[in-house]
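Q: A structural model of the following input is requested.
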Amino acid sequence: MNYEYISTPEQIPAMKRWLKDKTVLAFDIETGPRRDLISAWEKDQKIGLIPHKAHIATFQIGNEDQQWIIDNRVGLDISFLKEILESETIAKIGVNLKFDTKMVMHHLKVIPRKLWDCMVVEQVVRSGMFPGRQDDSNEKSARVALRYTGMKALALRYLDIDIDKDKEFRMNLWKTPPNEFNERQLLYMAGDCIFPSRIAKFQKDLIIERGLQHVIALEHRMIPVIANMELVGIPFDRAYWNILLQEHVVRRDKAIDVLDEYLKKTSFMQEDLFGITTKISTVEYGSSQKLAKALYKAGFKGFIGKDGKPLSVASERLKLMKIEGKMPAELVDAIIDYKQISKRISSYGTNFIEAIDQETNRIHPDFTQTILVTGRMSCSPGMQTIPGDAAYRRAFNAPRGWSLIVLDASQIEARISADATGDQPAIDVFQAGGDIYKEDGEKFYNTPIDKDTPEGKKLRNRAKVSWLGLTYGQGKNKFHNYCRIFLGEDISKKDTDYLWDKFFEIHWKMKEVMDEWSSYVDPFQSSRYITDSAVHTFINEEKSYAKLVEIFTERTRGNTQSAEKQAKKLMEHKSRCRYAETLLGRKRFFRVDFVGWWTAGRNLPVQGTAADIQKCTMLAFQEMHWAEKFDAHIINVVHDEIITLVRTDQSEDLFNRQVELGERVGQQFLTNVPMKIGGGITPHWKKF
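A: Okay, here's the model as predicted:
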């Protein structure tokens, strides 16, 4: 290492001369709490990571050959750093650059450009390979990927170096007075320039080899946009949320009363840490096993297996039992209501209140941009999984003098499905500005549909459930149950088989292309794969083999010998990963032990392309806000919605500009189907 610690003005000219002709630099910062928050930091060290509660102690900049450690606490003129950060011709390399970007945006008032984040790159070039579930249904599990893409993991993977990342050591760097850093501290800070520079060279080859240049470019340009979202935060009505929380507690207590009555149990009242009085049952209804046992003891069949073990109490299964008349509707509704409300209280209720920043009175989420395999964003707390109920969204209000613009890409997944597969019947409907669910319903039943009538709504919903279920490869049996749950009626197998047949009679081209997409990721047949030597570090071979044997045994109806042979064949080629890809080129890689490949293989091209369109739209919006001096900021995205906080006097102009720009961005992906964006201006978040 060749580092120099900068703490005097006399040292800066030499550093500036060295930096002058550099086009690639590594960049990092160290932070600590504001002076008035040092005592609070001792109890909660996260304070030193929050831009408006922290200060930047040091800047590190350089490359493999030379590293400069600039002490920001001694009043040095660092305006030259602003020019480097804003430059579109100088690449800035780092790990988890969203954090550094937030800090410099807040403290230096600059928007960093031309970034290279080794963590983001790794999550893209190995998307789907990491342990845990990286699908959109499990954000918490997907965050496991962060452990495999941080600096320590990357240095070990690419450089075979076990670097010093002791948390307590790192978090306390700011405490060292100027000119008193020891050698370990200086080597650590210098390493934040050296290691990313080396790692990026290896990653560049993977990006090119796997055809991910466009995706990586998009994700890097998104870093300042996401950093800005977190800086601005989401306005939140605490008082209203508390009222909503109390109403939920009452609703949950009513569900407990119904369960107690049916299951012959008792409850008692107890006050929680937030002073909310809640009902506690003698049976832990939130435990699936205990609930199943309680149902069995109360005389309800189907909850204890022949081996004496509890069976599933999943909501989907209970809904089917209700439809089939195997359980009282009131009891099923109470169980589902209890589970749903309990989850909402724990996931959104007190969690959101705890997340409110006391200085800004806003929630500043922690967004991740690439841990989900589809490319969709996720965040903590769960702003993107908030129920669509108007009651929940009402809590997110614009401050006085401000408004929210809420835009939604209309039927985006259906449009992508039609366009990407060349499905002419669907293309014709969209080109004519029609409602695909209504028009398909009319073709299914050979009758005009008025969706404002009960019968018309029913037929349109049957066409809609066909689109939602069948474009992702459901067989007739699974589709039958899916329809019963989605429609809430005991629709016959004959009727759902008719829908299945009719849908693919009309949309045969879509099925043909999507079947081909699935075949690309078939671990037994597909020859389209990449080989990655790092995969073995993500797989527990013994567990993966046992899981495959179990699944194949079930599929071969007990033929263990055949199942073991199939599992062994796959594990012999564990470094091979098949892949599905989006229109932009984003790829989801499938390890050999991933068994849901048929559905996921046809899901990624649609869901992933929708995510790519959304990110491109977000980028275009925020760049327009910055370039044209709109006082506006994207603050959240939920599925296909983009929510912007804007000064009210600019809202109408910006709304029209965003709609036009968003449709233009989407049209770069859709060649045969028009992009359609709807929405409106509102004082609080709502669905239009």
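
Q: show me what contacts residue 116?
A: 91-94, 97, 200, 220 (C-beta atoms under 8 Å, 6 or more residues apart in numbering). C-beta: built from backbone N, CA, C; applies to glycine.

Q: Would you format these as CSV with secondary structure and pLDDT included?
A: Formatted as CSV, the contacts of residue 116 follow (DSSP: H, G, I helix; E, B strand; the rest coil; pLDDT from 0 to 100):
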residue, secondary structure, pLDDT
91, strand, 98
92, strand, 98
93, strand, 98
94, strand, 98
97, helix, 98
200, helix, 98
220, helix, 98
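
Q: By neighbours, which of those wins?
A: Neighbour counts for the contacts of residue 116, by other C-beta atoms under 10 Å, peak at residue 94, which reaches 28 neighbours.

Q: if I look at it, how far off is residue 198?
A: In this view, residue 94 and residue 198 are 13 Å apart by C-beta to C-beta, to the nearest Å.

Q: and if you look at residue 217?
A: Per C-beta to C-beta, residue 217 is found 22 Å from residue 198.

Q: lowest-confidence helix or strand of the chain?
A: helix 139-142 (a mean of 65; mean pLDDT, DSSP states H and E).

Q: Give me the next element, helix or strand, following it.
A: Heading C-terminal from helix 139-142, the first helix or strand you meet, by DSSP states H and E, is helix 151-154.

Q: For the next helix or strand after that following helix, buried residues please.
A: Using DSSP H and E, the helix or strand that follows helix 151-154 in sequence is helix 167-171. By 16 or more other C-beta atoms under 10 Å, the buried positions in helix 167-171 come out as residue 171.

Q: packing partners for helix 167-171?
A: Applying 3 or more C-beta pairs under 8 Å, 6 or more residues apart in numbering; DSSP states H and E, one finds that helix 167-171 makes contact with helix 183-209.

Q: Give me the buried positions along the helix it packs on.
A: Neighbour counts over helix 183-209 (16+ other C-beta under 10 Å) mark 185-200, 203, 206-207 as buried.

Q: okay if I get the contacts of residue 116 as a markdown table plus distance to residue 575?
A: Shown next, in a markdown table, are the contacts of residue 116 (distance: C-beta to C-beta, whole Å):
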| residue | distance to residue 575 |
| --- | --- |
| 91 | 31 |
| 92 | 33 |
| 93 | 28 |
| 94 | 29 |
| 97 | 30 |
| 200 | 23 |
| 220 | 28 |
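
Q: and which of the residues you listed is nearest residue 401?
A: residue 97 (32.9 Å; C-beta to C-beta).

Q: quick one: that closest one from residue 85, how far?
A: Taken as C-beta to C-beta, the span from residue 97 to residue 85 is 11 Å.

Q: And for residue 48?
A: For residue 48, the distance to residue 85 (C-beta to C-beta) stands at 21 Å.

Q: Check residue 630 too.
A: From residue 630 across to residue 85, the span is 22 Å (C-beta to C-beta).

Q: Give the residue from these two that has the larger number of neighbours.
A: Comparing residue 630 with residue 85 by other C-beta under 10 Å, the one with more neighbours is residue 85, at 24 against 20.

Q: Contact partners for the more buried one?
A: The contact partners of residue 85, by C-beta under 8 Å, 6+ apart, come to 27, 92, 104, 108, 110, 112-113.

Q: which SS state does it fall under?
A: Following DSSP: H, G, I helix; E, B strand; the rest coil, the label given to residue 85 is helix.

Q: switch to numbering from 4
A: I'll keep to 4 as the first residue from here, and by that count the last item is residue 88.

Q: Now do the contacts for the closest residue to it other than its chain neighbours.
A: If the residues on either side of it in the chain are set aside, residue 88 comes closest to residue 115, at 4.5 Å by C-beta to C-beta, 6 or more residues apart in numbering. Residues near residue 115 by C-beta under 8 Å, 6+ apart: 88-89, 95, 100, 103-104, 107-108, 226-227.

Q: Now with 10 Å, please.
A: 30, 85, 87-90, 95, 97, 100, 103-105, 107-108, 226-227, 230 (C-beta atoms under 10 Å, 6 or more residues apart in numbering).

Q: give me the low-pLDDT residue ranges for the stretch 154-303 of the chain?
A: Within the stretch 154-303 of the chain, the ranges that satisfy pLDDT under 70 run 271-281.

Q: hang on, I meant the chain
A: Across the chain, the ranges flagged by pLDDT under 70 are 136-145, 271-281.

Q: State the next helix or strand along the chain beyond the lengthiest helix in it.
A: Longest among the helix segments of the chain by residue count, using DSSP state H, is helix 600-630. Counting by DSSP H and E, the next helix or strand C-terminal to helix 600-630 is strand 635-641.

Q: That following strand versus helix 600-630: what angle between them?
A: If you take axes from the mean of the first three to the mean of the last three C-alpha atoms, to 10 degrees, strand 635-641 sits at 170 degrees to helix 600-630.

Q: by contact count, what packs against strand 635-641?
A: Packing contacts for strand 635-641, counted by 3 or more C-beta pairs under 10 Å, 6 or more residues apart in numbering; DSSP states H and E, involve helix 216-235, strand 237-238, strand 365-366, strand 381-383, strand 405-412, helix 600-630, strand 644-650, helix 651-670.
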